[in-house]
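1. build the 3D model from these lines:
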Amino acid sequence: MLLNGQDAVDTPRRKSEPTIALINIVFLMLIFFLVAAQIAPPLDRDLDLISTSDLEGREPPDALVVSAAGELSYRGTPVTPDQYVAIKRESAPDLAGIRLVPDRDLPATRLIGIGAELRALGVERVFIITERSLPAS
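-> This is a model prediction of the structure:
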């Protein structure tokens, strides 16, 4: 067969590269994460934050405090998990959540054990109160 005065030669078509589709997907994911990410504006370099190192720390008044030795107290009085849950159920029968303030030196295994005890007593959520600090600049 002649085409424009030349013989038509069957040339195989090039198959599309699968990497192009992969690059497109990665690019779309990058755009998605850039748009969806919550970017906090940086602090002003001239800003000096208040120092709270000299303040006396106090636990929230309705929190269960755990000492470094693993002893529990509520408002300065030693309690067991059963007693604390009973006290909290008097004011809120559904008892959705409990605040727990552990000492920094409390072993993690003891903290997990206390959380498991509270969950076994019917507490839906255990919130662990910690100290928040800014990264060193």
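
2. which helix or strand contains residue 87?
-> Following DSSP states H and E, one finds residue 87 within helix 81-91.

3. helices of this structure, start to end?
-> 18-36, 81-91, 108-120 (DSSP state H).

4. out of these, flag the one nearest residue 126.
-> The closest of the helices of the chain to residue 126 is helix 108-120. By CB to CB, the value is 4.8 Å. Backbone N, C-alpha and C define where each C-beta goes, glycine included.

5. in terms of secondary structure, what does that closest one contact?
-> strand 64-66, helix 81-91, strand 97-102, strand 125-128 (3 or more CB pairs under 8 Å, 6 or more residues apart in numbering; DSSP states H and E).

6. the shortest one pairs with which strands?
-> The one in question is strand 64-66. Strands that pair with strand 64-66, judged by DSSP bridges, come out as strand 72-74 (antiparallel), strand 97-102 (parallel).

7. with mean neighbour count added, can I get those in JSON lines?
-> JSON lines is the format used below for those (neighbours: other CB atoms under 10 Å):
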{"stretch": "strand 72-74", "mean neighbour count": "17"}
{"stretch": "strand 97-102", "mean neighbour count": "19"}
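
8. can you list the helices and strands packed on helix 108-120 in a markdown table and add mean pLDDT and distance to residue 24?
-> Shown next, in a markdown table, are these (pLDDT from 0 to 100; distance: least, CB to CB, whole Å):
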| stretch | mean pLDDT | distance to residue 24 |
| --- | --- | --- |
| strand 64-66 | 87 | 53 |
| helix 81-91 | 86 | 55 |
| strand 97-102 | 85 | 45 |
| strand 125-128 | 86 | 42 |
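
9. between those, which one is closest to residue 22.
-> strand 125-128 (41.6 Å).
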